[in-house]
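**Student:** Structure for this input, please:
(2 chains)
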Protein chains: 2
Amino acid sequence: MSIYKTVLAAIDLTEEADQVIKRAQELCKVHQAELILLHVVEPVGYAYGGDIPMDLTELQEQLDKSAREQLAGFGTDYSIPEKNLMVTVGRPEAEIHRVCEERAVDLAVVGSHGRHGIQLLLGSTANGVLHGAKCDVLAVRINT
Amino acid sequence: MSIYKTVLAAIDLTEEADQVIKRAQELCKVHQAELILLHVVEPVGYAYGGDIPMDLTELQEQLDKSAREQLAGFGTDYSIPEKNLMVTVGRPEAEIHRVCEERAVDLAVVGSHGRHGIQLLLGSTANGVLHGAKCDVLAVRINT
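**Tutor:** Sure, this is the predicted structure:
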């Protein structure tokens, strides 16, 4: 019986990512599901845009490039095909919801700690991943 | 490969409970895990105790009794042995954490809607199930 067909692991690029990917990959084996790896790069402008009168395009491009390289590394380490490695730019919770719908994800896996953990799940307001998710959401307990 | 050995489904007693139990039971089949069903009765005193000068013991006992009967009904419907049907009294998130540790639960399953859904996961403050959980937590998307 297959409960989940497509599992999305939403990862930050800290040392927690490995635990999230490993758990997601174990689940994919058990459920015979496909694994998609997603990292959402937050637009630099969200954090600094209004205050600093400078062009952030280059910084953003560097962040994107770095994220793509790191994700490619995970892809190699965990044998995940390139088509299932996604880097997008935007608000993490919104991007996760968008990709989940776009790729018909039925389980989103996130870490339960770290910047992209609890904060991502709960959101700073009522906009966390759990709110408005159209699929099941698994919070993986991170062992620190 | 068995990722989860003991799964706890924390349910309210609304129509959502069936969806949470069904998903938890499907997962138990896939993971060859044991299923524990928990319903936490909130102490009446939390809601009304301070304001109304009356003895709430009888009301509390009625709530407990009703909860036990409903949980027994779920036990019958889903063939869950009596030893794995638990009704406790307390704050839901604290009780869920306590039972998870006591019974070595490695996956807690909750609904993502309703009074015991989002509110339970997130808590009214920072005390939701996700905070301080020592195991993975799955929020089941409830179809209304």
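
**Student:** Name the next helix or strand following the longest helix anywhere in chain A along the chain.
**Tutor:** Assignment by DSSP state H gives helix A:57-77 as the longest helix of chain A. Going down the chain from helix A:57-77, the next helix or strand is strand A:85-89, by DSSP states H and E.

**Student:** mind listing the helices in chain A by residue range?
**Tutor:** A:16-31, A:44, A:57-77, A:92-102, A:118-122.

**Student:** Give me the packing partners of the longest one, helices and strands only.
**Tutor:** It stands for helix A:57-77. Contacts defined by 3 or more CB pairs under 8 Å, 6 or more residues apart in numbering or on different chains; DSSP states H and E place helix A:57-77 against strand A:34-41, helix A:44, strand A:85-89. Placement of C-beta: from N, CA and C, glycine included.

**Student:** Dump these to CSV, plus mean pLDDT.
**Tutor:** Formatted as CSV, the helices and strands packed on helix A:57-77 follow (pLDDT from 0 to 100):
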stretch, mean pLDDT
strand A:34-41, 94
helix A:44, 75
strand A:85-89, 94
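
**Student:** and among these, the most buried is which?
**Tutor:** Stretch with highest mean neighbour count among the helices and strands packed on helix A:57-77: strand A:34-41 (a mean of 22; mean count of other CB atoms under 10 Å in any protein chain shown).

**Student:** so where's chain A shaky on pLDDT?
**Tutor:** Residues of chain A meeting the criterion pLDDT under 70: A:1, A:45-53, A:113-127.

**Student:** Would you mind naming what in it lies close to chain B?
**Tutor:** Counting by CB under 8 Å from any CB of the partner chain, chain A comes close to chain B at A:1, A:3, A:23, A:26-27, A:29-31, A:112, A:118, A:121-122, A:128, A:130-131, A:133-141.

**Student:** Give me the buried subset of the residues you listed.
**Tutor:** Among the residues of chain A next to chain B, those classed as buried by 16 or more other CB atoms under 10 Å in any protein chain shown are A:3, A:23, A:27, A:30-31, A:112, A:118, A:121-122, A:128, A:130-131, A:133, A:135-141.

**Student:** and stretch A:7-17, which residues are buried?
**Tutor:** Judged by neighbour count using 16+ other CB under 10 Å, the buried positions of stretch A:7-17 are A:7-13, A:16-17.

**Student:** what's around the spatially closest residue to A:Val20 that is not a sequence neighbour, how many residues?
**Tutor:** Of all residues beyond its chain neighbours, the one nearest A:Val20 is A:Gly111 (4.7 Å), with distances taken as CB to CB, 6 or more residues apart in numbering or on different chains. For A:Gly111, the neighbour count with other CB atoms under 10 Å in any protein chain shown is 27.

**Student:** what residues are up against A:Gly111?
**Tutor:** Listed by CB atoms under 8 Å, 6 or more residues apart in numbering or on different chains, the contact partners of A:Gly111 are A:11-12, A:16-17, A:19-20, A:117, A:139-140, A:142.

**Student:** between these, which is nearest B:Lys65?
**Tutor:** A:Ala139 (33.6 Å; CB to CB).

**Student:** So what pairs up with that closest one in the strands?
**Tutor:** A:Val110, B:Val137 (DSSP bridges).

**Student:** which residues does it contact?
**Tutor:** A:110-112, A:117, A:121, B:130, B:133, B:136-139.

**Student:** Which residue is the nearest non-sequential neighbour of A:Ala104?
**Tutor:** Of all residues not flanking A:Ala104 in the chain, A:Thr6 sits nearest, at 5.7 Å (CB to CB, 6+ apart).

**Student:** could the contacts of A:Ala139 go into CSV alongside distance to A:Leu37?
**Tutor:** Listed next are the contacts of A:Ala139 as CSV, based on distance: CB to CB, whole Å:
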residue, distance to A:Leu37
A:Val110, 12
A:Gly111, 13
A:Ser112, 18
A:Gly117, 16
A:Leu121, 18
B:Leu130, 22
B:Ala133, 24
B:Asp136, 18
B:Val137, 21
B:Leu138, 20
B:Ala139, 21
